[in-house]
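Trainee: Model the structure of this input:
(2 chains)
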Amino acid sequence: MSKDKISSQEIIDFVSSKASVSKRAAEEFLKVLTSTIEEALMAGEVVKIKNFGTFKMQWNEQRKSVNVQTGEDIILPGFHKVTFNPDSQLRDLVNEPFAHLEPVELDGSPIEKTNTSFEPPLDPLRTLNEQAFEIRNILDEIRELSTIIDGKVESIEIVEQEHTFELREDVVEPIIDSNIIESERSEYSVEEMAEPIVVEPELSVIIEIEKVENELPHQDFEEVDIQINFNPKSESAVPEISISITESSESEPELNDSVSDHNVLIEEQNEKKRKHKKTWLIVISSLILLVFLGIGAYSFYPPARNFMDKNYSSIKFSVLKKSESISMTDMFNTVSGWFASKKENEIVPQSIVIPKDTMQIDSIEAKPEVDSLQILFDNPRVYTTYLGTERIHDGSRLTIMAKRYYGSKDFWVYIYEANREHIANPDRIPVGTLIKVPKVDKRLIDSSNERCIRKAKELHDIYVKRN
Amino acid sequence: MNHKELIAALSEKMNAPKSIVESLLETTVATCTELLVEEKTIGFQSFGNFEVRKKEERLSVHPATQVRTLIPPKLVVNFKQSTILKDKLKDLPHE
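Mentor: This next block holds a predicted model:
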């Protein structure tokens, strides 16, 4: 801000023109004013001027000091000092740019000052253990249920209430390679399930399902590992990933891809190859749809983006523990028995809601405000309403106006933007130009927000360099 | 000496009616306020300078309760007496 000094002569000029009196009269008045105040002060009086402030005399006691050059102790003599205490009206007017700020009480640590937006991520090991424990409980429940229904397990859904992330585990498989299907025989082979499915280079959500099968003729699961890798750059996106695992006793797995709402039937491999090709096409088309859905969600749904941007390297669930393999064998015995009786093309959807730890929710909730700000920054600003009009006189600055209207001189760029057609060079605006001061979104001109200031400075650099 | 007394003293010295003195004082105050709001420094010769200073934000701790409070930055008007006035005051006996 310009620290121009106004001399007494200029004050005289201002007063004489405003009060429409001669300069001499104004000069005399000011001289008399100061001398009167001086005299009154010398007489030990307090001088009060309405709406301006109070002058007081203060005695500063003598004090000891040290001569910096010689290191000797010296005594500074006491002296009188005129102090000025501004009136509340003047104080408020001068402090207007910062008037909106209020003292903030900080409770506890000063850390709060710096760390407001992000919670430190939870210890991944701890969450893994928790999840493993929860899944074990879930499986216990499944086993109980299966014994009750006696082979008629249709759909088991366990929802953990404090978690929102829903990962429907059921089979899965967005893609099954046709070769694999062909190679596959009557038994449900593990290897093909274990194959990592890379959907597309930029969409690198790798869903890896490993199933270790026993040598037993019926399908037993000893361990199911689901590994989800989130690449931070990946475009894929919906926080909810539904995977359905379908299983049939013989060799026709039916795919239920619930993300894209497409049911893909993979026919028996005994059937003609033409059919395989057809299925393959459907799989591809549903995949493409999934990709677009993901991209769409990524670009239009900020929480999804945040979710992906968070570095979620891997969430690994150990669904079944080895210790439980025997009990699970029992369970799947009943299931496979049911399959045998019901014949082919039967589906057993089992849905398990896999918990998502609370940290993810927090990160999603913390961001939207910031992101809406980003959107504000990115969108071109349109000025329709104006706070007022100013005429440029000698010494006028856009920055001063910005300070007066918006609270910070950095936001002058918005005034410039609104008046760009009248201003050739923001540094040199001809006197007499009418400047319209636009109404700007409050969030954009939040002088306490560092991002707003930074954005304004970026704009500043752009405009100043261009001219 | 309050506002009224000041006006009375001024009108007496200038041999002018109080109303004129009052309006002059008002315009002076208004002008000074306006200039100070624009963060200009006003110098009155042989009297002193009025200037606007920015007080940075600071962290204050209540000594008894240990409550930390973040005091926002603010702009205040500061008056600094001129050396001429200071010299005049030197002759003033202290109590």
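
Trainee: Run through the strands of the stretch 351-467 of chain A in chain order.
Mentor: Along the stretch 351-467 of chain A, counting by DSSP state E, counting those that start in this stretch, strands occupy A:351-352, A:386-391, A:434-438.

Trainee: and those as a markdown table, adding distance to chain B?
Mentor: Bear in mind the C-beta positions are built from the backbone N, C-alpha and C, glycine included. Listed next are these as a markdown table, based on distance: least, Cβ to the nearest Cβ, whole Å:
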| stretch | distance to chain B |
| --- | --- |
| strand A:351-352 | 48 |
| strand A:386-391 | 13 |
| strand A:434-438 | 16 |
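
Trainee: among these, which is nearest B:L6?
Mentor: B:L6 lies closest, by Cβ to Cβ, to one member of the strands of the stretch 351-467 of chain A: strand A:386-391, at 34.5 Å.

Trainee: tilt between the closest one and strand A:434-438?
Mentor: Per axes from the mean of the first three to the mean of the last three Cα atoms, to 10 degrees, the angle that strand A:386-391 makes with strand A:434-438 is 160 degrees.

Trainee: Parallel or antiparallel, which strands does strand A:386-391 pair with?
Mentor: According to DSSP bridges, strand A:386-391 has the following sheet partners: strand A:434-438 (antiparallel).

Trainee: what comes into contact with the strand it pairs with?
Mentor: Applying Cβ atoms under 8 Å, 6 or more residues apart in numbering or on different chains, the external contacts of strand A:434-438 come out as A:383, A:385-392, A:398, A:401, A:405, A:414-415, A:417-419, A:422, A:429.

Trainee: Then stretch A:380-391?
Mentor: With Cβ under 8 Å, 6+ apart, stretch A:380-391 has contacts from A:396, A:401, A:405, A:414, A:417-418, A:432-441, A:444.

Trainee: Any quick PyMOL command for the buried ones out of those residues?
Mentor: Restricted to buried positions by 16 or more other Cβ atoms under 10 Å in any protein chain shown, the PyMOL selection for these reads:
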select buried, chain A and resi 396+401+405+414+417+418+435+437+438+440+444
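
Trainee: Let's see which of the contacts of stretch A:380-391 end up in helices.
Mentor: Residues from the contacts of stretch A:380-391 lying in helices, with DSSP state H as the criterion: A:401, A:405, A:414, A:417-418.

Trainee: Please identify which of the residues you listed is nearest to chain B.
Mentor: A:M401 (10.5 Å; Cβ to the nearest Cβ).

Trainee: who's in contact with that closest one?
Mentor: For A:M401, the contact set (Cβ under 8 Å, 6+ apart) comprises A:390, A:412, A:415, A:435, A:437.

Trainee: how close does the third one get to A:E390?
Mentor: Applying Cβ to Cβ, to the nearest Å, one obtains 9 Å for the distance of A:I415 from A:E390.

Trainee: Which one of these two is surrounded by more residues?
Mentor: For A:I415 versus A:E390, the count of surrounding residues by other Cβ atoms under 10 Å in any protein chain shown is larger for A:I415: 25 against 19.

Trainee: Please name the spatially closest residue to the more buried one (chain neighbours excluded).
Mentor: In space, and not counting its chain neighbours, A:I415 is closest to A:L398: 5.2 Å by Cβ to Cβ, 6 or more residues apart in numbering or on different chains.

Trainee: I'd guessed that neighbour sits against A:Y414; true?
Mentor: No. Counting by Cβ atoms under 8 Å, A:L398 sits too far from A:Y414 to count as a contact (9.5 Å).

Trainee: For the spatially most central residue of chain B, give the beta-bridge partners.
Mentor: Centroid-nearest residue in chain B, with Cα atoms, centre = their mean: B:F79, separated by 5.2 Å. In this structure, B:F79 bridges to B:F50 when assessed by DSSP bridges.
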